[in-house]
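Chemist: coords please:
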Amino acid sequence: MANPKRKPLTSLDCRKTLIAPSILAADFANLGADVKAAEAGGADVIHVDVMDGHFVPNLSLGPGIVKAIRGYSSLPFDVHLMLSQPSRYIDAFVDAGADHITIHVESEGAVACTLEQIRSHGCSTGLSLRPGTPASSLAPYLNWIDLILVMTVEPGFGGQSFMAEQLEKIAEIRSLIDRSGRPIHLEVDGGIARDTAMRVRKAGANLLVAGSSVFREKGKLAEAISALRSAQ
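Modeler: Got it, this is the predicted structure:
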């Protein structure tokens, strides 16, 4: 059942540049404080990366962490499931406080059914694709999703270098979205800093996930977020 307090990403204008700090780069000993600081600094969304050690070679946050930090921010929680079998965990992340859930087009199981499972809870839905996966893989699902997440690094670890060859894919997906006529956010994650923010925005992205370039600026999160938003 949909939660009336939920804030799906459909509530945000996909024509505007939005910034989503990734808590993967935050201080885990002070995670609640960092989430609160990101909101105070002007973030639009809180991005949560979830990894299972199978779909990607790393383990990260579970539903318990999402629940623990939910009270520190009123912003939408954008949960990115880098999981082989995401359908098994949808309900747990919804109960923990997710507002939006993105799964991978390469994940196991019936992708459309998992998207419908997410939507049934009142969350917005997203699809992500690895750097080597073509944009055409998204075509069957455009009517099911509210967001497309392009990975500009290999998913699994923070702090990697931006893969410039993904700019062409971002532009291709922007064309797919425009042709669909649907208000779909185009999100980019991986190596996003001021210079790369400018490039992905020019290619057509509107929602920028940034980890290290935000949270390494202790005491200056507002300036870091503003720099990403205004990068030209």
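Chemist: Give the rounded mean pLDDT of the longest helix seen in the chain.
Modeler: Longest helix in the chain, counting residues (DSSP state H): helix 167-180. Average pLDDT, helix 167-180: 97.
Chemist: likewise stretch 84-98?
Modeler: Mean predicted lDDT for stretch 84-98 stands at 97.
Chemist: what does stretch 125-135 give?
Modeler: For stretch 125-135, the per-residue pLDDT averages 97.
Chemist: Name the helix or strand for L81, please.
Modeler: If you go by DSSP states H and E, L81 is part of strand 77-82.
Chemist: ok now that strand, how far from the chain's centre?
Modeler: With C-alpha atoms, centre = their mean, to the nearest Å as the basis, strand 77-82 stands 6 Å off its chain's centre.
Chemist: List of residues touching the helix or strand just after that strand?
Modeler: Counting by DSSP H and E, the next helix or strand C-terminal to strand 77-82 is helix 90-96. Here helix 90-96 makes contact (C-beta atoms under 8 Å, 6 or more residues apart in numbering) with 50, 63-64, 66-67, 70, 79, 81, 101, 114, 117-118, 121, 123. For glycine as for every other residue, the C-beta is placed from the backbone atoms N, C-alpha and C.
Chemist: What strands flank whichever helix or strand comes after helix 90-96, and is each parallel or antiparallel?
Modeler: Downstream of helix 90-96, the next assigned helix or strand under DSSP H and E is strand 100-104. Using DSSP bridges, strand 100-104 pairs in its sheet with strand 77-82 (parallel), strand 124-129 (parallel).
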